[in-house]
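> Return atomic coordinates for the entry below.
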Amino acid sequence: MTQRVACFTGRFQPFHNQHLEVLTALSQKFDRIIIGVTNPDLDNLQEHSASQHRHTDSANPFSYESRVQIIKDSISELTDPKNVEIEIIPFDLTQPDSWTVPADTVFALRIFSVWEASKLDLFTGQGFEVLELPAPATKISASDIREKLTTNDSTWHSHVAPGAIFTIQQEWDNATSKVSA
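As a prediction, this is how the structure comes out:
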C-alpha cells in the first residue's frame, strides 16, 4: 500500500488557526503531510508579480527556525492528526528543482487571491496534483495578526493555537528588537 502524501505550503508569518484547519482536513485523507515553509531564507526574498508584499521585510518578521517552532507548538495540541506523519521542511517556491517531496505528492491549497492561483499554476506546471480546499467565508490574515502584534492588541491570541501564543510573542519581540537596535 502506497503512502498518500500531501504538501501544504505557506510563509506562515505566523501560522494560525486556518492553517490548522487545513492540516485537520488533510489528516482525514493522507498518511503523511509535508508542511513547506516558503521564504525560508529571509536574506534572499524574491518579489512576485502576484503578491505585493510577500518579499518585504515587514511581511517576514519570523525566521525559518521561529516558524518551525510556532508550527510545532500549534500542532502539538491537535487530536486528529496524531496518526499522521507530519514533516516541516524549508520550501523555496522559486526553486522547483530543490523541492524534496515525492513525485506523487498532492499539493493542498485554498484560493483566496491571485497569489494562491499562481501557486496552483506553479504546482500543476511541475506535474503535481493539486487539491483545492474550500476557502472559509472569513479569512484570518497573518498580516492582521502582525498588525495587532505591532500595536500590542492581544486579540490576535484568538487566531492562533493557545500553545503557540508564547512562542509567537517571544519571537515577535526578538525580531522587532533586532530591527529597532
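> If you count neighbours, what's buried in the lowest-mean-pLDDT helix or strand in the chain?
Lowest on mean pLDDT, DSSP states H and E among the helices and strands of the chain sits helix 165-180, with a mean of 84. Buried residues in helix 165-180, defined by neighbour count with 16 or more other CB atoms under 10 Å: 165, 167, 168, 171, 172, 175. C-betas here are computed from N, CA, C, even on glycine.
> And stretch 101-108, by the same measure?
Going by neighbour count (16+ other CB under 10 Å), the buried part of stretch 101-108 is 101, 105, 106, 107, 108.
> Which pLDDT value belongs to the first one?
In this case it means residue 101. We have a pLDDT of 95 for residue 101.
> Identify the farthest-apart pair in the buried residues of helix 165-180.
Greatest spacing in these, by CB to CB: 165 and 175 (15.7 Å).
> low-scoring pLDDT stretches of this structure, where are they?
Counting by pLDDT under 70, the ranges of the chain that qualify are 1-3, 45-57, 79-82, 178-181.
> Got phi/psi on residue 5?
Phi and psi for residue 5, reported as degrees, to the nearest 10, are phi -120, psi 130.
> Next: the one 3 residues further on.
As for residue 8, its main-chain torsions (degrees, to the nearest 10) stand at phi -120, psi 120.
> and what of residue 21?
According to degrees, to the nearest 10, residue 21 has phi -60, psi -40.
> show me what contacts it?
The contact partners of residue 21, by CB atoms under 8 Å, 6 or more residues apart in numbering, come to residue 136.
> what's the burial count for residue 91?
22 (other CB atoms under 10 Å).
> tell me the contacts of it?
7, 9, 36, 37, 38, 40, 99.
> One more pass at 7 Å, please.
9, 36, 37, 38, 40, 99 (CB atoms under 7 Å, 6 or more residues apart in numbering).
> What's the separation between it and residue 67?
11 Å (CB to CB, to the nearest Å).
> what do those two both touch?
Common neighbours of residue 91 and residue 67 (CB under 7 Å, 6+ apart) are residue 37.
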